[in-house]
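>>> Quick one: sequence and predicted model below, then my questions.
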Amino acid sequence: DWVMKDHIAEAVARIREQVGDEEVILGLSGGVDSSVAAALIHRAIGDQLTCVFVDHGLLRLNEGDMVMDMFVGQLQAKVIRVDASELFLGKLAGVSDPEAKRKIIGAEFVTVFKQEAAKLVGTGVNADGSGRAAKGAKWLAQGTIYPDVIESGGAKTKKAVTIKSHHNVGGLPEQLGLKLLEPLRDLFKDEVRELGVALGLPHEMVYRHPFPGPGLGVRILGEVKKEYADLLRRADAIFIEELRNWKDEATGKSWYDLTSQAFTVFLPVKSVGVMGDGRTYDYVVALRAVQTSDFMTADWAELPYGLLKKVSGRIINEVRGINRVTYDVSSKPPATIEWE
Ligand code: XMP
């Protein structure tokens, strides 16, 4: 609609005015906020934007390729994909404490991003010996949205008990010597989503459930191993596919849209099963689906039995290595949404 077109034109003009002919770097995570920020900035300044996509190897099935398809294939944006999965798995080896895993993933993420960004900033010396390379990036763009602004302001005064630490990239622009560009700073989540659709991002991507920064790292209980991540990715893709396909008769909506967050958790324990005339001794997964308005409290979703039956049948038949599927019927509180 034209109101949104007006908003885009205004935002584009503001970005062009701010940035001029300077170059911008943006950390693309595949999440909604950074994706919409990237699409908007790309609309404004095209090739003056370079996105850095750090793939920590803990993303969902085909997620990295989908990000590349969308931004490089369709929007023709410049994206540097850093495959850091081996690096992350190495750092996580032997670590099973949830907060320790979060800290490692968060810190490593910043390190890898900074290394890539530093190359683009061109801190080197010009041929004539003068300071910073002329063509280096001058801006760091972030997909900060209005609720993030309030949250980080409030956090200073509020003595909240930290139950789970989140990614914190504060201070990054200063460390890299870059100016901060935050074109979504005044927008609420719904507005960011509408903007994303108006910019041509797929509806399905823009209306996705939230996905934590540490990704599958906190959905594999205890130590993270590649084998576990690969099994989990396949099981989770089946769950999400069936949630999208299964329509509620009363509302016509899919169960994906009727839940606020849904995912699969990998439990590194083995249980006995039977397949054909053989015995199996394989891993267990838990399905988790919740309904919530603020993620502070949440109810487990009363998914239709038929849906659960289909999902468990498909996972056990299609994912060799998993022979048991359970459904998590715990609400928050006292349980949290994620298992770690
Ligand atoms: P919990 O598990 O605390 O989750 O009930 C509430 C919401 O926060 C998300 N979550 C995270 N997001 N980094 C993130 O970016 C994290 O470490 C993290 N831990 C939990 C969770 O997915 C849910 O939406």
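Perfect, I can see it now.
>>> I'd guess residue 192 is in a helix, am I close?
Yes: under DSSP: H, G, I helix; E, B strand; the rest coil, residue 192 sits within a helix.
>>> Please name the residues that touch it.
By CB atoms under 8 Å, 6 or more residues apart in numbering, residue 192 lies in contact with 32, 33, 36, 145, 184. Glycine gets a C-beta too; all of them are placed from N, C-alpha and C.
>>> List just the nearest of those residues to the ligand.
Nearest to the ligand among these is residue 33, at 10.8 Å by CB to the nearest ligand atom.
>>> That closest one and residue 195: what is the separation?
For residue 33, the distance to residue 195 equals 11 Å [CB to CB, to the nearest Å].
>>> so what's in contact with the two at the same time?
Joint contacts of residue 33 and residue 195 (CB under 8 Å, 6+ apart) are residue 184.
>>> Which of the two has more residues huddled nearby?
Higher neighbour count among residue 33 and residue 195: residue 195, with 22 against 19, using other CB atoms under 10 Å.
>>> what about that one, is that helix, strand or coil?
Residue 195 ends up helix, using three-state DSSP.
>>> What are the structural domain limits within this structure?
Using automatic domain parsing, the domain parsing of the chain gives 2-206, 219-327.
>>> Residue 234 and residue 246, how far apart?
When residue 234 is compared with residue 246 (using CB to CB), they lie 19 Å apart.
>>> I misspoke; the intended subject was residue 265.
20 Å.
>>> try residue 208
Going from residue 208 to residue 246 by CB to CB gives 17 Å.
>>> Strands along the chain, start to end?
Taking DSSP state E as the criterion, the chain contains strands spanning 23-28, 49-55, 78-83, 137-141, 179-181, 261-275, 278-291, 299-300, 322-327.
>>> Show me where the stretch 201-340 of the chain has its helices.
Applying DSSP state H, counting those that start in this stretch to the stretch 201-340 of the chain gives helices spanning 203-206, 226-245, 255-258, 305-318.
>>> Out of the strands of the chain, flag the one nearest residue 99.
Residue 99 lies closest to strand 261-275 among those, at 17.3 Å (CB to CB).
>>> That closest one: which residues count as buried?
By 16 or more other CB atoms under 10 Å, the buried positions in strand 261-275 come out as 261, 262, 263, 264, 265, 266, 267.
>>> my guess is the fourth one meets residue 236, correct?
Yes: taking contacts as CB atoms under 8 Å, residue 264 lies within contact range of residue 236: 4.0 Å.
>>> Mind listing the shared neighbours of these two?
Shared contacts of residue 264 and residue 236, counting by CB under 8 Å, 6+ apart, come down to residue 219.
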